[in-house]
Structures are given as structure tokens and as C-alpha cells.
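In: Predicted model follows, preceded by the sequence.
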Amino acid sequence: MRDILKSGVSLRRGVIYGFVLIAALTLVTTGCKRGKSAGGGIAVGVVLPITGREAKPGQYQREGIELAIKQINDKGGVFVKDLDKKLPLREVFYDDGSDQAKSAGLVERAMTSDKVVAVLGGYSTALGEAESVMPDRYHIPWITTGAAASTIFSRGYQWTFGTLSPTDLLGYTTAEFLGTLVDQGKLGKGLKVALALENTDHGVDYGNGIDRWIKEHPGYFRVVFSEKFDLGSTDFSGLLQKVKSTRADIFLADAHLQDYITMHRQYIQSGMSHQMISYGARGPESDARKAMGDATNYIFAGIWWSKGLAYPQVKQFVESYKAFTGHEPDSWYPATAYDAVRTLAAAIEKAGSLNETAIRDALKTVELRDSLLPGQVLHFGSNGQINTPFVIVQNKPGGKVDIVYPKDAANGEAVAPKPK
């Protein structure tokens, strides 16, 4: 009988110890999830290329992100109502090396192991498409700072956001700008256009935007050539010889930075000359202008942001960025990343919580009303992507870059040089 009583006591103790252990584990697990950022600030994942072929734009985007984090933290951080206090933002950074598989894996790691409340990144269509499958899988908001292809934003994702307007709008705005030059008498009507499009969804969207404008405005231009090329090519001579044989008046290429530099060098060597030439969203970058000098004059580009925008917040950003990095913003890259951080911070404050679903829901409705981007208001559409206008800039002699379109943003006149 005594042995039975002892067994009963041991059993009860075991049950009690079991409950205590479960309760302790539950408390630890819940504490880690609920306070996953409270100990060292609000953890935000950042996955960008700072090595590999996309290193330069990736580094510029990271600088924009880190400047925004510094400015927010210098003011005390982000107020979280549920905790009744401000918390600093804490960057959890990974370099994806410009590699798609690595990029997706690092986003997954940030979301599952680093307990981040959101991930920023995805510079370029290829890297953005690889990363974009992770947010809905793990229910963590993701804001791409450098990818705009329709394939990312047409799949019904609920946790995906982007601070770049659609690439087809880039193509459409490019053709629209050229149309205004026809209306002004700077270009003739019915000119022939040759297209060279990168073999990505970005290239498809860019070409579709151009085609759409031309179909809506018959008689303005004729596309006489359109061919795709692979990213990272070292020899564009065959493609360029085909372009040359068309005797087109306008040459429009959709290219990333390194391909732009490589292609334009070979374009110069081919002896070609067109009335207007563009490499899509690339053109004013300092690396290209240093490498090729006057040969980049009069190239125009459709970009998501320009330091020439006459907004007080843009002037302040340019000054702060230069003080922070030691150099001025190189094209649009840091601005879209900077505004992504500010929008995320505003969404966290609106949510009043570090709960990922609450932050996601706040991102769907939040507005950044002092945005750096054209129009000065950033908000996400129903598909998670913004739809701010593009600006067209044109390289001018002496290293100058003017905004030449639209009229209400322009600080210089577009030039359409005659072919040599």
C-alpha cells in the first residue's frame, strides 16, 4: 500500500513537472515570437547584391536603406503602441552575390531563423522573382526595392510589396516622351525604331509598354526590329550589326547597368548613330559616364527617381546621403530603397504592433505623403505595387543630367541630335 502511495506521489510530481516544463517552453517560445525584436530592436531583413554583376546598384540601395534606418533611429526609433515605447530598427543584412538561388534562400533564412518583421531587397527582376515566392509561404511582408516585373505582382501574392512602378509603364512613358518630341517638331513623324530587349520578364514588359503606346498613336513610329539578348553577355556585336542594317532612326534597349556599359561601348565601335538612343532605366550612372565620356551624351533614360526633382525633401535627402556615404546618389537606386524603409516604419506605427499580419495589413493602406518619388505620395496598389510616374532624364555635355519629361518636372530641354 505504501509503495502504491509512493507511486501516486511520483506520478503527480511527474505530471506537475511536465506541466511546469510545458508552461516554461510555451513562455520561452511565445516570448521569442512576441519579443523577437524587442531585445535588440525591430529586426528587418535586407537581402541585396553587393558582390557579383549587380553589386553597384545593390550597394547604392543598401546605402539608402541604412541612411533611412539611421535617421529613424536618431529620432528614437519606431513607436510600437502595444509596447508603449519606441524601438530602433535593426538591419539583418545578407549579400546574395547576384545569385537567384542564394537570394531566395537568404530571404527564407531571414524569415524563418532571424525572426524579422519584414524583408527588404530583391534588386533586379531575376533576384526579385526568386525572392517573391517566400513572403506568402512564411507570412512575412516583403518589399522589393528594385524589381518591377509584372510576373511578381500578377500572381495574387498577399505579402508582397514594391517601391518601383511597373516596367511596362517605363516603356510606355519612353514612347510617350518620344511622341512629345514629334509634336514639338524635334523628331519627324513615322520614324523607324529598333528594339533590343533583355531576355527577362523586365524586357518583355518594357517592350509591351512601347508597343502599347505606338498602337494607341498610329503614324508616330514604326518598330522595324525587335530582338532579345541574354543578361551578362560580353559580345553584342551580332545584335548591333542587325540593328545597323535596319537603318532605324531610334534605338531603344532595355538593359541592366553592366549590359548598358558593354553594349554602348560596342555600339560606339560599330560607328552607329541614331537621333535618339536609350538603355531603358540606365543612362546617367557615373560608372558609365566615366568609362565612356562624351559618348554617353544625349542618351536618355526613364527612371523611378531623379535628384533633380524640385522637392524640398529630395534636396534634403541628397545632402544627407552625401554626408552619410561621401558621394551623391547615383541615379535612382538609393531613393526607392530609402522610401521603402520609411514606408515600413510608418506601417509598423500604424499597426501599433510587431505582429506580421498587422504590419502587412497596414502596408496595404499606409501613405507616405512626403515621398521622394515623383508625385510625392507613395502608397501600394491592390497588387502591392506602387504606380508613381517616371521621369525622363537626358545626359548632357559636361557631366550634366537634365530632367526633360514630364513638363511639370523638367529642368532642361530635350535634345534630339541629328545622326552623324
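Out: That came through, no problem.
In: Averaged pLDDT, stretch 344-360. What do you get?
Out: With pLDDT averaged residue by residue, stretch 344-360 scores 98.
In: Please read the previous query as pertaining to stretch 323-341.
Out: Throughout stretch 323-341, pLDDT has a mean value of 97.
In: pull the CA atoms of that stretch into CSV?
Out: What follows is the C-alpha trace of stretch 323-341 in CSV, where atoms were taken according to Å, rounded to 0.1, in the frame of the first residue of the first chain:
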residue,chain,number,x,y,z
ALA,A,323,27.1,63.3,-45.9
PHE,A,324,26.4,59.7,-45.0
THR,A,325,28.2,58.0,-47.9
GLY,A,326,30.7,60.6,-49.2
HIS,A,327,29.1,60.7,-52.7
GLU,A,328,25.9,61.9,-54.3
PRO,A,329,23.1,59.4,-55.3
ASP,A,330,24.0,57.6,-58.5
SER,A,331,20.7,57.5,-60.5
TRP,A,332,17.5,56.3,-58.8
TYR,A,333,18.8,53.3,-56.8
PRO,A,334,19.0,54.6,-53.2
ALA,A,335,15.8,56.6,-53.3
THR,A,336,13.4,53.7,-53.8
ALA,A,337,15.1,51.8,-51.0
TYR,A,338,15.1,54.7,-48.7
ASP,A,339,11.4,55.2,-49.1
ALA,A,340,10.8,51.5,-48.6
VAL,A,341,12.2,51.8,-45.0
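In: where exactly do the strands run in the stretch 151-300 of the chain?
Out: With DSSP state E, counting those that start in this stretch applied, the stretch 151-300 of the chain shows strands at 160-162, 191-198, 221-229, 250-254, 276-278, 300-303, listed in chain order.
In: Run a quick neighbour tally on residue 153.
Out: When neighbours are counted by other Cβ atoms under 10 Å, residue 153 registers 24. C-beta coordinates here come from the backbone N, C-alpha and C atoms, glycine included.
In: With residue 122 instead?
Out: Residue 122 has 32 neighbouring residues, counting by other Cβ under 10 Å.
In: begin at 6 from here
Out: All right, first residue 6 from here; so that's residue 127.
In: and it, what does it touch?
Out: The contact partners of residue 127, by Cβ atoms under 8 Å, 6 or more residues apart in numbering, come to 52, 108, 133, 136-137, 147, 149-152.
In: Now residue 66: which helix or strand?
Out: Assignment of secondary structure by DSSP states H and E places residue 66 within helix 60-79.
In: Let me know the next secondary structure element after that helix.
Out: Beyond helix 60-79 toward the C-terminal end (DSSP H and E), the next one is strand 83-85.
In: what lines up beside that following strand in the sheet?
Out: The strands beside strand 83-85 in its sheet (DSSP bridges) come out as strand 90-92 (antiparallel).
In: model confidence over the strand it pairs with, on average?
Out: Computed over strand 90-92, the mean pLDDT rounds to 98.
In: Only C-alpha atoms, please: export the helix or strand following that strand in PDB.
Out: Counting by DSSP H and E, the next helix or strand C-terminal to strand 90-92 is strand 94-100. Extracted C-alpha coordinates of strand 94-100, given in PDB (Å, rounded to 0.1, in the frame of the first residue of the first chain):
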ATOM      1  CA  LEU A  94      15.200  49.400 -36.400                       C
ATOM      2  CA  ARG A  95      17.900  46.700 -36.600                       C
ATOM      3  CA  GLU A  96      19.200  45.600 -40.000                       C
ATOM      4  CA  VAL A  97      19.800  41.900 -40.600                       C
ATOM      5  CA  PHE A  98      21.800  42.000 -43.800                       C
ATOM      6  CA  TYR A  99      22.800  39.300 -46.400                       C
ATOM      7  CA  ASP A 100      24.700  39.700 -49.600                       C
END
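In: I'm done for today, thanks for sticking with me.
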